[in-house]
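1. quick one: sequence and predicted model below, then my questions.
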Amino acid sequence: MRFETRAIHVGQDPDAEFGAVSVPIYQTSTYAQPAVGKPKAYDYARGGNPTREALQEVLASLEGGTRALSFSSGLGATTTLLLTLRPGDHVVLGDDVYGGTYRLLARVMNGWGVEFDTVDLADEVSLRAAIRDRTRIVWLESPTNPLMKIVDIERVAAISREAGAMCVVDNTFATPYLQRPLGLGADVVVHSVTKYLGGHSDLIGGAIVTSDDELIERLTFLQNAAGAVPGPMDCFLALRGVKTLAIRMEAHCTGAERIAEFLAGHPKVARVYYPGLPDHPGHDVAARQMRRFGGMLSFETRSRDDAIAVAERTRIFFLAESLGGVESLIEVPGPMTHASVAGSPLEVPESLVRVSVGIEHPDDLVADLEQALS
Ligand SMILES: *Cc1c(COP(=O)(O)O)cnc(C)c1O
């Protein structure tokens, strides 16, 4: 089955009792057991839930992994994965990763003896130099947030493997529709389901996908032991979102391409960051490892005040953090999403504006940016 078909059918057979074509929301915390010590399938819902199970099956299939686990948030997934580390272990982090991932390593895991360095993963020499004996994870995003840098996943995965480290890709921006890291040699994929997979800005969720059976056993234990599990209603909403992922991503990409071209020709825009533009430094790698170039882009205005003015003047784009929903969003990373990384290696230009292109008509979106920039 092709991607679009699997998104609708894997893990989502009609229910055995009534034939409901939509996976039921099993809103329960516990399960009646026929005999002591012999639960039917589940005993307590932190350990498992059929709605969650359906979501995990379809996510594993879409990413090309054997198993997936879903979590209460993207950071819940990340935390659970990092709980596999021990004091003295080391993580190499891309220098433009999600601010919350950086904060977790810098301000939480650091207190538990887990060390890390940030590097420009496009620079192979720095990557090799950063790897130590106890490097367990090389953590990357591509495209990155908010500078839309492209990392060659196949290359970084090969270097990680040579070093005996796990290559983890946060695939939130691309989604499995545009890019499948496991097929490029990565060991683990992490998602914020909150974004494109959910797709409607109405839930918080996370996921981990891998084909490493030993790792998934450990993570299944940690998921239950640490407890960052999603509720059945959120799993249902995520399942509903995933069904339309393919057509939504096509529309996001079409809109972003139009807007990138418009912005690139605008006199008040100093620079556009979109991997679909032929002069983007990562364009060729992106064209090789992605189906299209995604729905996220950033641009530099001439000053911090200009950036704030544009973001406050749009009418269709909502001024909001987050991304990946059907509605277009605009924000100024410096004082908003990236305020927590000011002064760190992840600091971003203050005149930068980031947009998450929704699936409204591209003409309306271009007109909105045109009036906001005028
Ligand atoms: C939002 C986001 C996260 C964190 O996910 P939450 O669901 O907000 O916890 C991680 N990585 C990326 C790339 C994100 O955009």
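-> Structure received.

2. list the buried residues of stretch 322-330.
-> L323, G324, G325, S328, L329, I330 (16 or more other Cβ atoms under 10 Å). C-beta here means a position set from N, CA and C on the backbone, and glycine is covered the same way.

3. what does it contact?
-> Contacts to stretch 322-330, defined as Cβ atoms under 8 Å, 6 or more residues apart in numbering, come from residues 172-173, 194-201, 248, 255, 295-296, 310-311, 314, 316-321, 353-360, 365, 368.

4. pLDDT on it, on average?
-> Mean pLDDT, stretch 322-330: 98.

5. again, but for stretch 16-31
-> On average, stretch 16-31 scores 97.

6. is it true that V21 touches D13?
-> No - using Cβ atoms under 8 Å, V21 is not in contact with D13; the gap is 9.1 Å.

7. quickly find the element holding the residue nearest to F236 when sequence neighbours are not counted.
-> Counting by Cβ to Cβ, 6 or more residues apart in numbering, F236 lies nearest to I25, which is 4.6 Å off, once chain neighbours are set aside. Following DSSP states H and E, there is no helix or strand that holds I25.

8. V138 too?
-> Using DSSP H and E, V138 falls in strand 135-141.

9. got it, and V169?
-> Per DSSP H and E, V169 falls inside strand 166-170.

10. quick check: whatever residue of the chain ends up closest to the ligand vs I204, distance?
-> Nearest residue of the chain to the ligand, counting by Cβ to the nearest ligand atom: G74, 2.2 Å away. G74 sits 8 Å away from I204, going by Cβ to Cβ, to the nearest Å.

11. still on that earlier bit, what packs against the strand holding V138?
-> Here strand 135-141 touches strand 90-94, helix 153-162, strand 166-170, going by 3 or more Cβ pairs under 8 Å, 6 or more residues apart in numbering; DSSP states H and E.

12. kindly tell me how buried G198 is, as a neighbour count.
-> The number of residues packed near G198 is 24, by other Cβ atoms under 10 Å.

13. what's the longest helix along the chain in contact with?
-> Counting by DSSP state H, the longest helix found in the chain is helix 245-264. By Cβ under 8 Å, 6+ apart, the surrounding residues in contact with helix 245-264 are 3-4, 7, 62, 175-178, 196-197, 199, 269, 272, 274, 276-277, 292-297, 299, 326, 328, 355, 357-360, 362, 365-366, 369-370.

14. helix or strand right after it?
-> strand 271-273.

15. now do Q223: how many residues are near it, please.
-> If you count neighbours by other Cβ under 10 Å, Q223 ends up with 23.

16. so it, which state does it fall into?
-> helix (DSSP: H, G, I helix; E, B strand; the rest coil).

17. how about the contacts made by it?
-> Going by Cβ under 8 Å, 6+ apart, the list of residues near Q223 reads L69, F71, T80, V229.

18. the residue nearest to F236 contacts N49, correct?
-> No - using Cβ under 8 Å as the test, I25 is too far from N49 to be in contact (9.5 Å).

19. of those two, who's got more company?
-> N49 (26 against 17).

20. relative to G76, how far out is the closest residue to F317 other than its chain neighbours?
-> Distances taken as Cβ to Cβ, 6+ apart put I330 closest to F317, at 4.0 Å, once the chain neighbours are dropped. I330 sits 27 Å away from G76, going by Cβ to Cβ.

21. tell me the phi and psi of the residue nearest to F317?
-> I330 adopts backbone torsions of phi -130, psi 150, taken as degrees, to the nearest 10.

22. any idea what it is bridged to?
-> L319, V355 (DSSP bridges).

23. show me the domain layout of the protein.
-> Annotated domains of the chain cover 3-243, 245-373 [automatic domain parsing].

24. on that earlier part again, mind checking which of G74 and I204 has more residues around it?
-> More neighbours surround G74 than the other of G74 and I204, with 24 against 18 (other Cβ under 10 Å).

25. from S192, how far off is the more buried one?
-> To S192, G74 is 3 Å away according to Cβ to Cβ.

26. which residues are in contact with each of those two?
-> In contact with both G74 and S192: Y98, D170, T172, G205, G206, using Cβ under 8 Å, 6+ apart.

27. so which of these sits lowest on pLDDT?
-> Y98 (92).

28. where does it fall, phi/psi-wise?
-> Here Y98 shows phi and psi, under degrees, to the nearest 10, equal to phi -50, psi 130.

29. cool, and E300?
-> Torsion angles at E300 (phi, psi; degrees, to the nearest 10) stand at phi -100, psi 130.

30. so who does it touch?
-> E300 neighbours (Cβ under 8 Å, 6+ apart): V269, A270, R271, Y273, A307, P349, S351, L352, V353.

31. quick revisit: mutual contacts of G74 and I204, please.
-> Common neighbours of G74 and I204 (Cβ under 8 Å, 6+ apart) are T194.

32. neighbouring contacts of stretch 364-374?
-> In contact with stretch 364-374 (Cβ under 8 Å, 6+ apart) are residues 255, 258-259, 262-263, 266, 268-269, 309-311, 313-317, 328, 357-358.
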